[in-house]
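K.L.:
sequence first, then the predicted structure, then my questions.
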Amino acid sequence: MFRGLISLYSWRFPTVVVYMLQNTEYSVGPYLKWFWETTRFDRVMYRRTLDRTKAARLLLMALQFGVVLEVVAGLVCIYAWHWHHFNGGLAFGAALIIAYPIIWAHLVVVPLIIGREVIVRPRQYRAIKASRRIFSEFTGIKIAVAGSYGKTTMKELLNTVLSTGKRVAATPANKNVSSSHAIFAQKLHGNEEILIIEYGEGGPGDVERFSEITKPTHAVITGIAPAHLDKYRTLERAAEDIFSVGNAVPVDHVYVNGDSTDAVHFAQPGQELYDEKGTLGWHVSDVHNGVDGISFTMKKGKHELHLHSGLLGRHEIGPLSLVAALGHEFGLTTDEIEEGIASTVPFEHRMQPYEIGGAWIIDDTYNGNTEGIRVGLELLKELPAKRHIYVTPGLVDQGAETNKIHEDVGRMIAEAEPNIVVLMQHSVTKSIQTGLENGGFKGQVIIEDDPLSFYTNLKLFVAHGDVVLMQNDWPDNYR
């Protein structure tokens, strides 16, 4: 209690406030909720630090200036009371000094609200309106990528492979909302043949709105799984929004992940499925899977492709086969397709392998859904190892189904039979433990109270021959 109170008056407190705003994407509601639930501000930036963007630096300067100004004002009031018998000066001055963390932590949201409504949103509206015209006038191929998971990977695969024979532009990183689509449109050179646009799904109607603005000619639906249920409430509503992209393109230009049971359930007649068996008339055979990647052959009539990718797991065969098949549809040569697939590697924190002291670590900490957990556990079970170790804090944004989903996660882990399970202590840990017990897990369970220490000292935990799968992250503003 005392240390929590003292943390309000730390020299780092203004930085912590800006960090909290930044990590809630400057959304006032989530920021205030996080603020009032925090008891130890000295532990908020325990795992990460403030990304000192221009906006963050300006906000921090304003906050620090305000704090100094209020403390000085408090001292002046106390001085006036002491030397000039200013009635109430002592109480008022002391109140200013004592209350400055609370006052400025909340006053700082006022310019955010004003800035968003008066400056940012009108500017974004104009940019989005301009992007609508740019996308409408583009005469080439526009591929929308939507889904509960796997969007960024699919986008990057398409970009990597199709770029071997075509002029391609793709939305950067995970910039997948209308404002970032608008920035992407403004930076186009005008000579592109293919655009690849990732669609995020933060709430009902998002995908339908993105489709109306960008007007795609093709769409890839990477899968359906529980995600953002705090906004969508049900999986069905999320799926309906994601599949609304199909209303904007010809039915046979919609490609649905056939390895996703929920996605297949919502697929419409005529939409094309892709899975580990192949797609668009191509058939997959001769699969070899390991920590160095995955190899397989694709055949269609007289055409044959021999493919190797640095991506890990059988669940990547479907996406890779679709990208290869689309490359053929769009006019790439066999050599270009094989070269493009060969250059695909795991993306940062997405099934990314590295070695520590003879142990293989698979970093899948950017995963955030049950389907990713399932395929990750399948890979972990398949890879040879002296010890299979699984590490997770659980999933966020699972809405009212949080406990049930995490009990299901526990059962999935039990079915994979790792030797050791490491759970980061959070609000969902007991639900995962319940699932492990119900699934009859016989291995060792470790509850880790200090995730940062565990990850930092991972080399002391593993041994030669281990395979460790680390899945999911737990942002600081979640409990």
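P.N.:
That came through fine.

K.L.:
quick one: contacts for residue 251?
P.N.:
Applying C-beta atoms under 8 Å, 6 or more residues apart in numbering to residue 251 gives the contacts 268-271. To be clear about C-beta, it is placed using only N, CA and C from the backbone, and glycine gets the same treatment.

K.L.:
ok, of these, which come out buried?
P.N.:
The neighbour count (16 or more other C-beta atoms under 10 Å) marks residue 271 as buried among those.

K.L.:
farthest pair within the contacts of residue 251?
P.N.:
269 and 271 (7.3 Å; C-beta to C-beta).

K.L.:
which stretches of this protein have low pLDDT?
P.N.:
1-5, 7, 46-47, 81-90, 92-93, 96, 112-120, 227-231, 397, 474-479 (pLDDT under 70).

K.L.:
what domains does the record give for it?
P.N.:
When the chain is parsed with automatic domain parsing, its domains come out as 2-107, 139-342, 352-471.

K.L.:
redo those domains as CSV? Include distance to residue 131.
P.N.:
What follows is the domains of the chain, written out as CSV (distance: least, C-beta to C-beta, whole Å):
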stretch, distance to residue 131
domain 2-107, 21
domain 139-342, 4
domain 352-471, 27
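
K.L.:
tell me where the stretch 151-300 of the chain has helices.
P.N.:
151-162, 178-186, 206-214, 229-232, 235-243, 261-266 (DSSP state H, counting those that start in this stretch).

K.L.:
so which of those helices is nearest residue 470?
P.N.:
helix 151-162 (17.2 Å).

K.L.:
what helices or strands is the closest one leaning on?
P.N.:
When contacts are defined as 3 or more C-beta pairs under 8 Å, 6 or more residues apart in numbering; DSSP states H and E, helix 151-162 sits against strand 141-146, strand 168-170, strand 194-198, helix 317-329, helix 334-342.

K.L.:
and with 10 Å instead?
P.N.:
Where contact means 3 or more C-beta pairs under 10 Å, 6 or more residues apart in numbering; DSSP states H and E, helix 151-162 is packed against strand 141-146, strand 168-170, strand 194-198, strand 218-221, strand 303-309, helix 317-329, helix 334-342.

K.L.:
tell me how far that helix lies from the chain's centre.
P.N.:
Here the centre of helix 151-162 is set off from its chain's centre by 16 Å, with C-alpha atoms, centre = their mean, to the nearest Å.

K.L.:
cool, and stretch 393-410?
P.N.:
How far stretch 393-410 lies from its chain's middle: 16 Å, per C-alpha atoms, centre = their mean.

K.L.:
quick check: buried residues in it?
P.N.:
Buried residues in stretch 393-410 (16+ other C-beta under 10 Å): 393-399, 402-403, 405-410.

K.L.:
which of those residues lies closest to residue 23?
P.N.:
Lowest distance from residue 23 to these (C-beta to C-beta) belongs to residue 396, with 12.3 Å.

K.L.:
does the closest one count as helix, strand or coil?
P.N.:
coil (DSSP: H, G, I helix; E, B strand; the rest coil).

K.L.:
mind checking how far it is from residue 428?
P.N.:
According to C-beta to C-beta, to the nearest Å, residue 396 and residue 428 sit 9 Å apart.

K.L.:
residue 52 now?
P.N.:
32 Å.

K.L.:
more crowded one of these two?
P.N.:
residue 428 (26 against 12; other C-beta atoms under 10 Å).

K.L.:
gap between the nearest residue to the more buried one once chain neighbours are set aside and residue 42?
P.N.:
In this structure, residue 428 finds its nearest non-sequential neighbour in residue 394, 3.8 Å apart by C-beta to C-beta, 6 or more residues apart in numbering. Taking C-beta to C-beta as the measure, residue 394 falls 25 Å from residue 42.

K.L.:
my guess is residue 254 contacts residue 248, does it?
P.N.:
Yes - with contacts counted by C-beta atoms under 10 Å, residue 254 reaches residue 248, the gap being 9.4 Å.

K.L.:
okay, the two: which has more neighbours?
P.N.:
residue 254 (25 against 20).

K.L.:
skipping adjacent residues, who's closest to the more buried one in space?
P.N.:
Nearest one to residue 254, counting by C-beta to C-beta, 6+ apart, is residue 271 at 4.3 Å.

K.L.:
phi, psi for that neighbour please.
P.N.:
Phi and psi for residue 271, reported as degrees, to the nearest 10, are phi -70, psi 140.

K.L.:
ok, now which ones touch it?
P.N.:
The contact partners of residue 271, taken as C-beta atoms under 10 Å, 6 or more residues apart in numbering, are 219, 221, 243, 246, 249-256, 263-264.

K.L.:
any idea which of the helices of the stretch 151-300 of the chain gets closest to residue 21?
P.N.:
Ranking the helices of the stretch 151-300 of the chain by their distance to residue 21 (criterion: C-beta to C-beta) puts helix 178-186 first, at 17.9 Å.

K.L.:
so who does the residue sitting nearest the centre point of the chain touch?
P.N.:
For the chain, the residue nearest the mean C-alpha position is residue 366 (5.7 Å; C-alpha atoms, centre = their mean). Applying C-beta under 10 Å, 6+ apart, we find residue 366 in contact with 152-153, 174, 347-352, 372, 471-473.

K.L.:
also residue 422?
P.N.:
Taking C-beta under 10 Å, 6+ apart, one finds 389-393, 444-448, 451, 454, 461, 468, 470 in contact with residue 422.

K.L.:
nearest to residue 288 among those residues?
P.N.:
Looking across the contacts of residue 422 and measuring by C-beta to C-beta, the closest to residue 288 is residue 468, at 22.2 Å.

K.L.:
residue 130 touches residue 188, doesn't it?
P.N.:
No - the criterion here is C-beta under 10 Å, and residue 130 misses it with residue 188 at 11.7 Å.

K.L.:
now residue 248: closest residue in space, sequence neighbours ignored.
P.N.:
residue 211 (4.1 Å).

K.L.:
likewise residue 216?
P.N.:
Closest to residue 216 by C-beta to C-beta, 6+ apart is residue 144, at 3.8 Å.

K.L.:
swap in residue 403?
P.N.:
residue 431 (4.7 Å).

K.L.:
count of residues packed around the one you found?
P.N.:
20.

K.L.:
send me the helix or strand hosting residue 103 as CSV with only the CA atoms.
P.N.:
Assessed by DSSP states H and E, residue 103 sits inside helix 89-107. The C-alpha trace of helix 89-107 is given here as CSV (Å, rounded to 0.1, in the frame of the first residue of the first chain):
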residue,chain,number,x,y,z
GLY,A,89,-2.9,29.0,1.7
LEU,A,90,-1.4,26.1,3.6
ALA,A,91,-4.3,23.7,2.9
PHE,A,92,-4.7,24.8,-0.7
GLY,A,93,-0.9,24.6,-1.4
ALA,A,94,-0.6,21.2,0.2
ALA,A,95,-3.6,20.0,-1.7
LEU,A,96,-2.0,21.1,-5.0
ILE,A,97,1.3,19.3,-4.2
ILE,A,98,-0.3,16.1,-2.9
ALA,A,99,-2.9,15.9,-5.7
TYR,A,100,-0.8,16.7,-8.7
PRO,A,101,-0.4,13.0,-9.9
ILE,A,102,-4.1,12.4,-10.0
ILE,A,103,-4.9,15.9,-11.5
TRP,A,104,-2.5,15.7,-14.3
ALA,A,105,-3.1,12.0,-15.0
HIS,A,106,-6.7,12.9,-15.8
LEU,A,107,-6.3,16.4,-17.3
